[in-house]
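Visitor: quick check, what structure comes out for this input:
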Amino acid sequence: MKMKVVVAMSGGVDSSVAAALLREQGYEVIGVTMRLQPSDCSEGCYSRDVAADAKKIAQKLDIPHQVFDFTDVFARDVITDFCREYSLGRTPNPCIRCNHYIKFGALLKQAQELGVNMVATGHYARIEKENGSGRYLLKKGADHLKDQSYMLCMLTQEQLGHSLFTVGDLTKEEVRHTAERLGLPISDKAESHEICFIPNNDYPKFLVEYTGITALPGPIIDRRGNVIGEHRGIASYTIGQRKGLGIASREPLYVTAIDPEKNTITVGGKSEVYATELIASDLNWISIERLDSPINVKARIRYRHREAAATVTPAGTGEAMVEFREPQMAITPGQAVVFYDGDIVLGGGLIARTGREVLS
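Guide: This next block holds a predicted model:
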């Protein structure tokens, strides 16, 4: 009997090639498009075009295609959290939560209810099972330029054990060539780099419309507390931001701190954006069961950030201190910090505090 697998299909080249390769490998493939927003939405993760494109690919591959409605759980676990984090002065990464709660959470659960125990996506990452420990290892994709292991840092052992990353051993160029070889009509389809549920990538407008809460202007201050400008609402700013401050200065100014309680934005020179320490919370260890003593790692503080040498030390229940050998620019609360040993993802967590806040 063929092993069944649900493939999350967006109509894009990566998920389409993943489905095609699994079918070639002998799996019984079921294509699924996830409805994450109202069906009348014209943009984003779910739209009529996305579903139609995925269905067209499924027909080309001669596999069944279904639409699973995760509108409510997506709103609860991803969008609501996104809005809450911005209200607290943090900058979240909703794609990481979507992977944990939706693609490898709700989708896997519904697949299992249908008797299917595996979920596949078009992520550029790899999974291996370690012989000695029996743990599932998450590794970078073979194409390091497209690697998405950072976005998968919160996946659990249970989730990894039921997941397939079919294109993880391929480069993007090889994926496009495979699409051409198979005659899939998406080999030159453009990629999206914006957050799927935010039209035109306009965060402030989305937050106001979704929450109904009007942005509250407030003071922009320097590190001494002097008021030097006015901000448009803290959700319009992130740590390290330089553009859009509306302040005349002899040197470029950057956002160095956001205080939601005082409704202030602090700015300073470029040197003030750098820090060497952070506290990570909500830790998820993958290659190890837990962290009992300090370890040396390469750490990444943003998706496209270059990894940097650091030491990670346990710092109380569910937290760890991360100390970088060299100062890092714009360590941003709310973003994920992911720890690597070569290609292996050791684990990750959320940046809770940084710089001077670590010592307070």
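
Visitor: what's the separation between residue 289 and residue 120?
Guide: To residue 120, residue 289 is 26 Å away according to C-beta to C-beta, to the nearest Å. (Each C-beta comes from the backbone N, C-alpha and C, glycine too.)

Visitor: compare those two and say which is more crowded by neighbours.
Guide: residue 120 (24 against 10; other C-beta atoms under 10 Å).

Visitor: how about low-confidence regions in the chain?
Guide: 39-48, 187-193, 356-360 (pLDDT under 70).

Visitor: longest helix in it, please.
Guide: Criterion DSSP state H: the longest helix present in the chain is helix 48-61.

Visitor: just give me how far the next helix or strand after that one sits from the chain centre.
Guide: Next in sequence after helix 48-61, counting helices and strands by DSSP states H and E, comes strand 65-69. Put simply, strand 65-69 sits 23 Å off its chain's centre (C-alpha atoms, centre = their mean, to the nearest Å).

Visitor: now stretch 260-274
Guide: That offset, for stretch 260-274, works out to 25 Å (C-alpha atoms, centre = their mean).

Visitor: tell me the phi and psi of residue 140?
Guide: For residue 140, the backbone dihedrals (degrees, to the nearest 10) come out as phi -60, psi 150.

Visitor: brain fart, residue 92
Guide: Here is the backbone geometry of residue 92 (degrees, to the nearest 10): phi -80, psi 170.

Visitor: what of residue 173?
Guide: Dihedral angles for residue 173 - degrees, to the nearest 10 - are phi -60, psi -40.

Visitor: swap in residue 113?
Guide: Dihedral angles for residue 113 - degrees, to the nearest 10 - are phi -70, psi -20.

Visitor: now for it, how many residues are close by?
Guide: When neighbours are defined as other C-beta under 10 Å, residue 113 has 8 of them.

Visitor: three-state assignment of residue 349?
Guide: strand (DSSP: H, G, I helix; E, B strand; the rest coil).

Visitor: residues touching it, list them.
Guide: If you count contacts by C-beta atoms under 8 Å, 6 or more residues apart in numbering, residue 349 has them with 280, 281, 282, 283, 284, 319, 320, 336, 337.

Visitor: let's see 6 Å
Guide: 280, 281, 282, 283, 337 (C-beta atoms under 6 Å, 6 or more residues apart in numbering).

Visitor: before we move on, what about residue 50?
Guide: Per C-beta under 6 Å, 6+ apart, neighbours of residue 50: 10, 11.

Visitor: next, the buried residues of the one helix or strand residue 325 maps to.
Guide: Assigned by DSSP H and E, residue 325 falls within strand 320-329. By 16 or more other C-beta atoms under 10 Å, the buried positions in strand 320-329 come out as 320, 321, 322, 324, 328, 329.

Visitor: that strand pairs with which strands, parallel or anti?
Guide: strand 274-285 (antiparallel), strand 308-314 (antiparallel) (DSSP bridges).

Visitor: how is the chain divided into domains?
Guide: Domain segmentation of the chain under automatic domain parsing yields 4-199, 215-268, 274-359.

Visitor: neighbours of residue 151, how many?
Guide: 21.

Visitor: I meant residue 98, not that one.
Guide: Residue 98 has 26 nearby residues by other C-beta under 10 Å.

Visitor: could you do residue 175 as well?
Guide: Based on other C-beta under 10 Å, the number of other residues close to residue 175 is 23.

Visitor: can you check the one 5 residues further on too?
Guide: Here the neighbour count serves as a burial measure; for residue 180 (other C-beta under 10 Å) it reads 13.

Visitor: and it, that's in a strand?
Guide: No. Residue 180 is assigned helix when assessed by three-state DSSP, not a strand.

Visitor: I figured residue 77 hits residue 99, correct?
Guide: No. Assessed by C-beta atoms under 6 Å, residue 77 is found out of contact with residue 99, at 11.2 Å.

Visitor: these two: who's more crowded?
Guide: residue 99 (23 against 19).

Visitor: can you tell me the SS state at that one?
Guide: helix.

Visitor: that one: what's it in contact with?
Guide: 151, 152.

Visitor: how far away is it from residue 155?
Guide: In terms of C-beta to C-beta, residue 99 sits 7 Å off from residue 155.

Visitor: residue 172 too?
Guide: To residue 155, residue 172 is 22 Å away according to C-beta to C-beta.

Visitor: between the two, which one's more packed in?
Guide: Using other C-beta under 10 Å as the criterion, residue 172 and residue 155 rank with residue 155 on top: 26 against 16.

Visitor: that one - that's part of a strand, no?
Guide: No. Assigned with three-state DSSP, residue 155 falls outside any strand and is coil.

Visitor: so what's it up against?
Guide: Residues near residue 155 by C-beta under 6 Å, 6+ apart: residue 104.

Visitor: with the one 5 residues further on instead?
Guide: Contacts for residue 160 (C-beta under 6 Å, 6+ apart) come out as 127, 136.

Visitor: tell me how far the strand holding residue 325 lies from the chain's centre.
Guide: Per C-alpha atoms, centre = their mean, the centroid offset for strand 320-329 relative to its chain is 21 Å.

Visitor: the helices in this structure, which residues?
Guide: Under DSSP H, the chain gives helices at 13-24, 48-61, 71-74, 80-87, 94-98, 107-113, 157-160, 172-182, 203-211, 356-359.

Visitor: buried deepest among those, which one?
Guide: helix 13-24 (a mean of 24; mean count of other C-beta atoms under 10 Å).
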